[in-house]
Every structure is written in structure tokens, then in C-alpha cells.
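Asker: With the input below, show me the fold.
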Amino acid sequence: MNKCIYMGRLTRDPEVRYSQDNKAIARYTVAVDRVKTQNNDNPGADFISCVAFGKSAEFAEKYLKKGMKILVEGHTQTGSYTNKDGQKVYTSDCIIEKQEFAEGKKDGAEAAGSDEFMNIPEGMDEELPFN
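Answerer: Next up, the predicted model:
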């Protein structure tokens with residue numbers, strides 16, 4: 001079985017390109033915190049390369065932004081190529097099957113350093129048309 005599930009933050013906005021048959025292909029990287037151990041208080045993070053196709057790529061282009069916390073599910077695909085210096089380079093990507101937000105808008109805006117969401121003053125809850 002080949003299955004991967006990651007939760008982390010986008011390191012940059014997704015990069016979207018279109019194939020010759022006009023199919024969207026999105027690439028982005030998710031920073032996933034490593035598990036803390038007794039001997040390691042600051043374990044760091046792994047940077048997972050992700051690729052989404054079609055509707056998933058269009059969703060990423062429209063809604064995903066740098067700093068957002070997301071959950072991705074997919075499968076790992078490995079490959080290799082020879083770079084311009086003649087060296088063989090090995091690749092590993094998570095091919096996205098599902099992606100979703102892992103936090104609310106307010107939390108995501110704070111993490112991304114954005115202030116585009118309005119803060120509601122205390123005591124105003126009763127006057128809002130929704131709860």
C-alpha cells in the first residue's frame with residue numbers, strides 16, 4: 001500500500017501551470033514538524049513536495065496561500081532525472097488525492113501574517129445576524 005498523510009504549513013503560494021491539453025498542475029511544499037523526543041527539544045521540519053492535478057490543482061491555485069495549515073492525503077511517487085551537470089537527481093513527491101484546510105480563517109490569517117479578516121469587538125455577538 002502506498003499512502004501518505006501530512007499536516008503542515010505551505011512554504012509558498014502554489015505554483016500552477018497548465019499542460020498542453022489545458023490540465024492544471026499545482027506544485028507546492030508543505031513544512032511538516034518532526035516529532036519531539038526527550039533528547040531533542042527542537043527537532044525541525046521536513047519539507048514535503050506536493051503535486052496536484054486537475055480540479056485539485058485549481059482548488060490549490062484559488063484557495064491555498066503561503067503560511068496556511070493544510071492536511072494533504074495522497075501517495076508517494078519517486079523518480080529521477082539527469083541535471084545539466086550530468087548528475088542523477090532523485091525525486092520524491094506526494095501526489096495529492098485530497099487536500100483540506102487544517103485551521104479556521106482567523107488562525108490561518110494570523111499564521112500568514114495577514115490582517116484581512118475583521119475582528120469582532122467583544123459584546124457584539126448579540127447583534128450579529130448569525131451565530
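Asker: any low-confidence regions in this structure?
Answerer: Low-confidence segments of the chain (pLDDT under 70): 105-131.
Asker: got the contact list for Ser49?
Answerer: Residues in contact with Ser49 (Cβ atoms under 8 Å, 6 or more residues apart in numbering) are 27, 29, 91-94. From N, CA and C alone the C-beta is placed, and that goes for glycine too.
Asker: For those, which entry has the maximal number of neighbours?
Answerer: Ranked by the number of neighbours (other Cβ atoms under 10 Å), the contacts of Ser49 place Cys94 first, at 21 neighbours.
Asker: returning to what we had before: which ones among the contacts of Ser49 are found in strands?
Answerer: Counting by DSSP state E, the contacts of Ser49 place 27, 29, 91-94 in strands.
Asker: and of these, the nearest to Gly104?
Answerer: Thr29 (22.6 Å; Cβ to Cβ).
Asker: Who is that closest one paired with across the strands?
Answerer: Beta bridges link Thr29 to Ser49 when assigned by DSSP bridges.
Asker: Distance of it relative to Gln87?
Answerer: 22 Å (Cβ to Cβ, to the nearest Å).
Asker: which one of the contacts of Ser49 is nearest Lys55?
Answerer: For the contacts of Ser49, the nearest to Lys55 is Arg27 (15.9 Å; Cβ to Cβ).
Asker: The nearest residue to that closest one once chain neighbours are set aside: what's it in contact with?
Answerer: Nearest residue to Arg27 in three dimensions, chain neighbours excluded: Glu15, at 4.9 Å (Cβ to Cβ, 6 or more residues apart in numbering). Going by Cβ under 8 Å, 6+ apart, Glu15 touches 26-28.
Asker: cool, Ile25 as well?
Answerer: Contacts of Ile25 (Cβ under 8 Å, 6+ apart): 16-19, 51-53, 57.
Asker: quick one: which of those sit in helices?
Answerer: Ala57 (DSSP state H).
Asker: Dump the contacts of Ile25 into JSON lines; add neighbour count and distance to Thr37 as well.
Answerer: Listed next are these as JSON lines, based on neighbours: other Cβ atoms under 10 Å; distance: Cβ to Cβ, whole Å:
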{"residue": "Val16", "neighbour count": "16", "distance to Thr37": "37"}
{"residue": "Arg17", "neighbour count": "10", "distance to Thr37": "39"}
{"residue": "Tyr18", "neighbour count": "10", "distance to Thr37": "44"}
{"residue": "Ser19", "neighbour count": "10", "distance to Thr37": "43"}
{"residue": "Val51", "neighbour count": "18", "distance to Thr37": "31"}
{"residue": "Ala52", "neighbour count": "27", "distance to Thr37": "32"}
{"residue": "Phe53", "neighbour count": "15", "distance to Thr37": "36"}
{"residue": "Ala57", "neighbour count": "23", "distance to Thr37": "36"}
